[in-house]
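Enquirer: have a look; sequence and predicted model below, questions after that.
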Amino acid sequence: MTILTNKEKSKHTFAQAFTTLLQTQSLKSISITNLVAHSSLTRQTFYRHFQDKDDFVLWYFTQRINSSLQNIRPCCIQQGFQQQLE
């Protein structure tokens with residue numbers, strides 16, 4: 001079980017809001033104001049964790065990529081072992 005710090009919880013709350021906003025808006029049209037409004041966190045909290053929108057977007061997509069890679073690695077390792085056994 002992973003225990004998140006308050007900082008991690010805040011970042012992930014912004015990420016969830018961003019994911020929701022991306023379903024109906026373009027990346028360019030999403031503002032920090034939109035993000036704050038959909039996250040129920042404050043603008044001050046946003047700036048406590050990120051320098052600006054670009055910094056947040058970089059963090060967001062890095063997290064998504066890292067998460068995807070973690071899911072792929074076990075599968076690839078398992079398949080690699082299967083190929084060696086055949």
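Expert: Here it is on my side, so go on.

Enquirer: tell me the pLDDT at Thr5?
Expert: pLDDT recorded at Thr5 is 84.

Enquirer: also Leu22?
Expert: 96.

Enquirer: again, but for the one 10 residues further on
Expert: Per-residue confidence (pLDDT) for Ile32: 97.

Enquirer: and Leu69, by the same measure?
Expert: 77.

Enquirer: look up phi and psi at it.
Expert: When read as degrees, to the nearest 10, the backbone of Leu69 gives phi -60, psi -40.

Enquirer: same deal with Gln51?
Expert: Main-chain torsions, Gln51, degrees, to the nearest 10: phi -70, psi -40.

Enquirer: can you count the residues close to it?
Expert: Other residues near Gln51 come to 9 when the count uses other C-beta atoms under 10 Å. In short, each C-beta sits where N, CA and C put it, glycine included.

Enquirer: what's the helix or strand where Thr19 lies in contact with?
Expert: Per DSSP states H and E, Thr19 falls inside helix 6-22. Helix 6-22 has contacts (C-beta atoms under 8 Å, 6 or more residues apart in numbering) with 4, 30, 34-35, 38-41, 45-46, 48-50, 56, 59-60, 63.

Enquirer: mind checking which of those residues land in helices?
Expert: Judged by DSSP state H, the subset of the contacts of helix 6-22 located in helices is Asn34, Leu35, His38, Ser39, Thr45, Phe46, Arg48, His49, Phe56, Trp59, Tyr60, Gln63.

Enquirer: list only buried entries from those.
Expert: Neighbour-count burial within these applies to Leu35, His38, Ser39, Thr45, Phe46, Phe56, Tyr60; the criterion is 16 or more other C-beta atoms under 10 Å.

Enquirer: can I get those residues in TSV with distance to Lys11 and pLDDT?
Expert: Putting those into TSV (distance: C-beta to C-beta, whole Å; pLDDT from 0 to 100) gives the following:
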residue	distance to Lys11	pLDDT
Leu35	12	96
His38	14	96
Ser39	10	96
Thr45	10	96
Phe46	10	97
Phe56	9	97
Tyr60	9	97
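
Enquirer: which positions in the helix holding Thr19 come out as buried?
Expert: Buried residues in helix 6-22, counted by 16+ other C-beta under 10 Å: Ser10, Lys11, Thr13, Phe14, Ala15, Ala17, Phe18, Leu21.
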